[in-house]
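Chemist: Below are the sequence and a predicted model; questions follow.
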Amino acid sequence: MIDFLNSIIVLLNFIIIPGISYGSQLALGALGVTFVYAILRFANFAHGEIMSFGAMITILFTWFFQSQNISLGILPTALLALPIGIIATIILCIISDKFVFQYYRYQKSVPVVLAMVSIGVMFVINAIIRIIIGTETIKFSDGQKFIMKAKQFKLMTGLNEGLALKSSQVITILITILLLTFTFWFLQKTKTGKSMRAFSDNEDLALLSGINPDRVVFTTWIIVGVLACVAGTLYGLDKSYKPIIYLNLVLPIFASAIVGGIGSPFGAVVGGYVIAFSEIMVTYAYKKFFVYLLPSSIEPTGLVQLLSTDYKFAVSFSILVIVLLIRPSGIFKGRVL
Amino acid sequence: MKFERYEWVAITIMISLFIFVGFIQGWSVSLVILNMCIISAIMTMGVNISWGYAGVINFGVMGFLAMGGLAAVLVSYPPITESWQAGGRGLGISFALLIVLVIAVMYINKTVVQKKNRYILNSLIIFFGILIIRHFYLNATHNIEDVNPAIAGFLGGLGLPIIFSWIVGGLFAAGVAFVIGKVALGLRSDYLAIVTLGISEIVVSVLKHEEWLSRGVKNVIGLKRPVPYEIDLQNADWFINLITYLNSSKLNNIFDVSDRQQVLNNLIIDGSGIFVKLSYAILFLIVMLIIFYFANKAQLSPWGRMMRAIRDNETAANAMGKDVVKQHLIIFVIGAAIVGVAGAMLVTLDGLFTPSGYRPLRFTFIIWIMVIVGGSGNNLGAIFGGFVIWFSWIEAAPLTTFIINQLTVGLEPTNALKLHLLDSVPYFRYLFMGLILLLILRYRPKGIIPEKVRHS
């Protein structure tokens, strides 16, 4: 029985908790991509850089608050700077829309052209970030690092295996729940949300019934800004902030959005968790888990690892390809918010 | 083929850029940039063929380049017999088993009619098949990677002249492109962009981590060159005579013998470097012109016309009896093959293969900027885009330093803002690239040298 509990703790510690927090970050990112795709109808390659930009502003203000000796006690100071980051990200989104995307929207350009344009935006934001903050790895989480340390847990329960709970993970999960609830409530219950759904479903009909497209687009960018900034900051808080990472993060985010069914927000969230869990589960070495569970005579000798951790990114893409082959519209048929 | 006047202007601009840099920064620098420009132009032509002719998007440039690079290693590196002895048999067995597995799956797909049974059988066979193959495969690769890991640890290549790899690289890339195309070409263009981007990541991560094949992150260095080495040139009589002859007027003015020898030695050292780069440039130029010639021929042929028809109206072309899926696959493979050739040339030029150096920003998106800026659907435009963008990518740094120094001329040299800006000079090139792309897409969406519209 103790062995069984130990094996469960191993799974919790190395797969489930990291999976949920990484999945939440992906889900928030994918939700942003989905909003752009459903309303503005293009694949936004700049989304990773928008996330990075939000995280950067948050970091800058975190440093400012730290220098002023303002803190949130046991919570990371970044939470205090997050609203400012969100506002800056929204402004960035709206500026890029006004100066870049709007023109092509009025021209009714094809989605590929808009995707190219978003690559241009990606380069520009990328450059701005690097010019402002450089390319170094930045750790900006402060406050209490752990809610529960592995050692404490061992003492508390008397088990062999420890269960560590980082505060950044808990914060990620709580904020994600909060934000997702709010987003879905907004889409389902408010008038603006309903008009957005109508717009994404059938643009012409929505225009005929008097929905102002500029207003819908404006609201979309606000939501995208909030989601992107929070996702970027949470990712940076959990791992560490590194500008290069966010370009690589775009790929799993796209994968999540497509796997879930691009255009469907619920699908994007589910897709985020699917991608995160498969990345972690396929590359985790299960040896410890089986050592606890199996009698010592048939214990595994190898690591019992399906793929080495080097293939983390490859996993998310293989899943994307498989899903596109078997069910091209994604898990939840998309296109409607 | 005949060039219009503005096309001659573009060609003149390209040539004068290098002459300008040659006089300002030296001929060696100019030739280094020129070589990369030619390779970029070939990559751009490859992308342009699939995107410009047929509207098939290919964001997998990085992966095809890496396959070309792998070809360069596998063709030119001398074979490592110990590695073959250590793991050759195991690898052979696992590949044979893999083929058996594929055949078994195909057989099941053909014979078992009921869908549910087919799925169950297939997944069982694949699962256990992979378990067995893994056993042989991991043993073999482990043994190979243990052979002298500091300098070997991989299978090596065939030991042939590296120039063959340019063709092999094209074939490798074409093979990968065929598989990708079979899987993904039915998708909508923006999905296809994401999928090809993702698959190219997978290709690169395989090259990065399968050490028995490509030495992975340990890199392969010291690939043999197709052109002479500087040190051999410096000792060759004909080369010394050539340099003496070329600089005879300058040398004759120096009467002191030791001085004269000194000057001559310096000239020979400089000259050997330039000679090597020039030989590369000539080789690359030949490849570029061959590809350019055939690409143009193809574009003007009935096949090229059909491609444009498919691009402009897929449904209509389909209704006229053109096999759109097949043609898309063909042009995707051809485009990828040309990119693969460029990839092999890139590794040839560097003389080393670094899988971790393949990053999408540098090897996929920049190439796409070249295509868009140059003008999709026009091969000369593609070459022009490759030249201009690579040129500005390199020259952005000196230019930025100059601009920042001019703008902050009133500030003290120790001013924090000035120092910070000068520190971040390398990142301004991304800003330039983004701005160039956005401006071109806005004000000249067909590119600098647009596709010629032919009325007949």
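Modeler: Alright, I've got the coordinates.
Chemist: Ranking helices and strands of the chain by mean pLDDT, which lands last?
Modeler: Going with chain A. helix A:287-293 (a mean of 77; mean pLDDT, DSSP states H and E).
Chemist: Chain B was what I was after
Modeler: helix B:248-252 (a mean of 78).
Chemist: Flag the shaky bits of chain B, pLDDT-wise.
Modeler: Within chain B, the stretches with pLDDT under 70 are B:1, B:454-456.
Chemist: Tell me how far the residue in it that chain A sits nearest to lies from B:Ile372.
Modeler: The nearest approach of chain B to chain A comes at B:Gly434, 3.0 Å away (Cβ to the nearest Cβ). Using the backbone N, CA and C atoms, a C-beta is placed for each residue, glycine as well. As defined by Cβ to Cβ, to the nearest Å, B:Gly434 lies at a distance of 12 Å from B:Ile372.
Chemist: what do you get for A:Glu279?
Modeler: On the measure of Cβ to Cβ, A:Glu279 and B:Ile372 end up 33 Å apart.
Chemist: repeat for A:Phe332
Modeler: When A:Phe332 is compared with B:Ile372 (using Cβ to Cβ), they lie 34 Å apart.
Chemist: What of B:Gln262?
Modeler: Taking Cβ to Cβ, one finds B:Gln262 at 51 Å from B:Ile372.
Chemist: Could you do B:Leu138 as well?
Modeler: As judged by Cβ to Cβ, B:Leu138 and B:Ile372 stand 44 Å apart.
Chemist: Please say which of the two ends up with more neighbours.
Modeler: Counted by other Cβ atoms under 10 Å in any protein chain shown, B:Leu138 and B:Ile372 do not tie: B:Ile372 has more neighbours, with 30 against 13.
Chemist: name the element the more buried one belongs to?
Modeler: According to DSSP states H and E, B:Ile372 maps onto helix B:366-374.
Chemist: Figure out how far that helix is from the centre of its chain.
Modeler: Distance of helix B:366-374 from its chain centroid, counting by Cα atoms, centre = their mean, to the nearest Å, is 14 Å.
Chemist: what's it in contact with?
Modeler: For helix B:366-374, contacts defined as Cβ atoms under 8 Å, 6 or more residues apart in numbering or on different chains pick out A:116, A:119-120, A:123, B:40-41, B:43-44, B:47-48, B:51-52, B:59, B:61, B:381-386, B:388-390, B:393, B:433, B:436-437, B:440-441, B:447-449.
Chemist: same question, stretch B:5-25
Modeler: B:3, B:29-31, B:33-34, B:380, B:383-384, B:387-388, B:391, B:395, B:448-449.
Chemist: and chain B, what are its domains?
Modeler: The domain map for chain B lists B:5-79+B:156-443, B:80-155, with the assignment taken from automatic domain parsing.
Chemist: Packed most tightly, which of those would that be?
Modeler: domain B:5-79+B:156-443 (a mean of 19; mean count of other Cβ atoms under 10 Å in any protein chain shown).
Chemist: Figure out how far it is from the centre of its chain.
Modeler: With Cα atoms, centre = their mean, you get 6 Å for domain B:5-79+B:156-443.
Chemist: and residue 32, what does it touch?
Modeler: Answering for chain A, as no chain was given. So A:Gly32 contacts A:44, A:47, A:50-51, A:223-224, A:227-228, A:231 (Cβ under 8 Å, 6+ apart).
Chemist: let's do chain B instead
Modeler: B:Lys277.
Chemist: Also the one 4 residues further on?
Modeler: Applying Cβ under 8 Å, 6+ apart to B:Met36 gives the contacts B:349, B:390, B:394.
Chemist: Backbone dihedrals for it, please?
Modeler: With angles defined as degrees, to the nearest 10, B:Met36 sits at phi -70, psi -30.
Chemist: Equivalent analysis for A:Gln305, please.
Modeler: phi -120, psi 130.
Chemist: Double-check it against A:Tyr284; I have them as touching.
Modeler: Yes: with contacts counted by Cβ atoms under 8 Å, A:Gln305 reaches A:Tyr284, the gap being 6.9 Å.
Chemist: So which of the two has more stuff around it?
Modeler: Per other Cβ under 10 Å, whichever of A:Gln305 and A:Tyr284 has more neighbours is A:Tyr284, with 22 against 13.
Chemist: There's contact between the more buried one and A:Ile15 in this structure, I believe.
Modeler: Yes: in this structure, A:Tyr284 is within contact of A:Ile15 by Cβ under 8 Å, at 5.9 Å.
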